[in-house]
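Asks: any chance you could fold what I've pasted below:
(one chain, ligands or ions: 1)
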Amino acid sequence: MVHLTRHDLYAISRYDDVRAALMDWQTFSSARSVFVDPQMNAQLEGITLCSDPPEPTMLRSVLGQPLRPDRMRKLAPRIEAEAGRVVAELVGRGRFDVATELAEHLPMTVVSDLVGLGAGHRDRSSLGSSPTTTRSAGYRCPLARGALLYGAANRDPRKYPDPTRFDIARRPSDQLAFGHGEHACIGMNLARMEMSALLGHLADQVSRFEVIAFRPLINNGLRGLEHLDIRVR
Ligand code: HEM
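Replies: So this is what the prediction gives:
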């Protein structure tokens, strides 16, 4: 655990520690805030992410309805077709921005219409944060704010040897990019369906990818790229 003094935040970065914190909502409460930025916390008060059981269970069952596996199966052909269309168009151009033109396309168009949830949040990833509370004599007293670094946990060499190497044979089925426990992502099946449709079409149509330029997204809650300009052959 590292104390980030400027924000008075305790960052937890090892895989085992992040996973254990996600399983222990009594100590690591999400009820008061989950973002680093106080303004975001104020704006998003009351959403399912910023709550402790039993609320998330109720909210999740409502929110989860359109994302049920049987509904997902019905969406599959339309997602597959739209993925094929956008990949063919971009590959035909030979050069495009993966972040804005490829990754955002399905969530912004077909999926938000079909699921009726809006785009959800795209490219969520490495930093989930929650106020940390500690138990003492049967009541919980807020102690500190803690940030769970999902991106770091997923690259913890204690858990995944040589973690930054692209290893296509790796089977990281217990990775934490979709969270874990009470607040695990309810859109993960949809997200996986979209990603595998896009990657499947790219694998069929492209033999070589060249990165021309990229720019990381500056955001204290999400890890991702703002731009990724590539050329394909
Ligand atoms: C690659 C795409 C996605 C990633 C990496 C991702 C990641 C995550 C993560 C890490 C969390 C947990 C946050 C926490 O622990 O505090 C989460 C929660 C959530 N995600 Fe996603 N997500 C993705 C796509 C989606 C999609 C497509 C939807 C909906 C259509 C969605 C809906 C939600 C909701 C509603 C929650 C809150 C669940 C709760 O608080 O109980 N996500 N997501």
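Asks: counting neighbours, what do you get for the closest residue to the ligand within the chain?
Replies: Taking C-beta to the nearest ligand atom, the ligand has its nearest neighbour within the chain at G187, 2.0 Å off. The C-beta positions use only the backbone N, C-alpha and C, and glycine is treated the same way. Neighbour count of G187, defined by other C-beta atoms under 10 Å: 22.
Asks: so it touches L67, yeah?
Replies: Yes - under the criterion of C-beta atoms under 8 Å, G187 lies in contact with L67, with a separation of 5.9 Å.
Asks: these two touch, right, H201 and G84?
Replies: Yes - contact criterion C-beta under 8 Å: H201 and G84 qualify, at 5.3 Å.
Asks: okay, those two: which has more neighbours?
Replies: Set side by side, H201 and G84 give different neighbour counts by other C-beta under 10 Å, the larger being at H201 (19 against 16).
Asks: ok, for that one, nearest residue in space, not its chain neighbours?
Replies: Leaving aside its chain neighbours, H201 sits nearest to V87 (3.8 Å; criterion: C-beta to C-beta, 6 or more residues apart in numbering).
Asks: how about the contacts made by that neighbour?
Replies: Neighbour list for V87: L102, L198, H201, L202, Q205 [criterion: C-beta atoms under 8 Å, 6 or more residues apart in numbering].
Asks: buried subset of the residues you listed?
Replies: Applying 16 or more other C-beta atoms under 10 Å to the contacts of V87, the neighbour count classes L102, L198, H201, L202 as buried.
Asks: tabulate the residues you listed (a markdown table), appending distance to the ligand, secondary structure and pLDDT.
Replies: Output for the buried ones among the contacts of V87, formatted as a markdown table (distance: C-beta to the nearest ligand atom, whole Å; DSSP: H, G, I helix; E, B strand; the rest coil; pLDDT from 0 to 100):
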| residue | distance to the ligand | secondary structure | pLDDT |
| --- | --- | --- | --- |
| L102 | 13 | helix | 97 |
| L198 | 11 | helix | 98 |
| H201 | 17 | helix | 98 |
| L202 | 16 | helix | 98 |
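Asks: next SSE downstream of the single longest helix found in the chain?
Replies: For the chain, the helix that runs over the most residues, judged by DSSP state H, is helix 69-93. Following the chain from helix 69-93 toward its C-terminal end, the next helix or strand by DSSP states H and E is strand 95-97.
Asks: and the contacts of that next one?
Replies: For strand 95-97, the surrounding residues in contact (C-beta under 8 Å, 6+ apart) are L90, L102, I212, H227, L228, D229, I230, R231, V232.
Asks: find the nearest non-adjacent residue to the second one, please.
Replies: Think L102. The spatial neighbour of L102 that comes closest, neighbours along the chain excluded (C-beta to C-beta, 6+ apart), is L90 at 6.1 Å.
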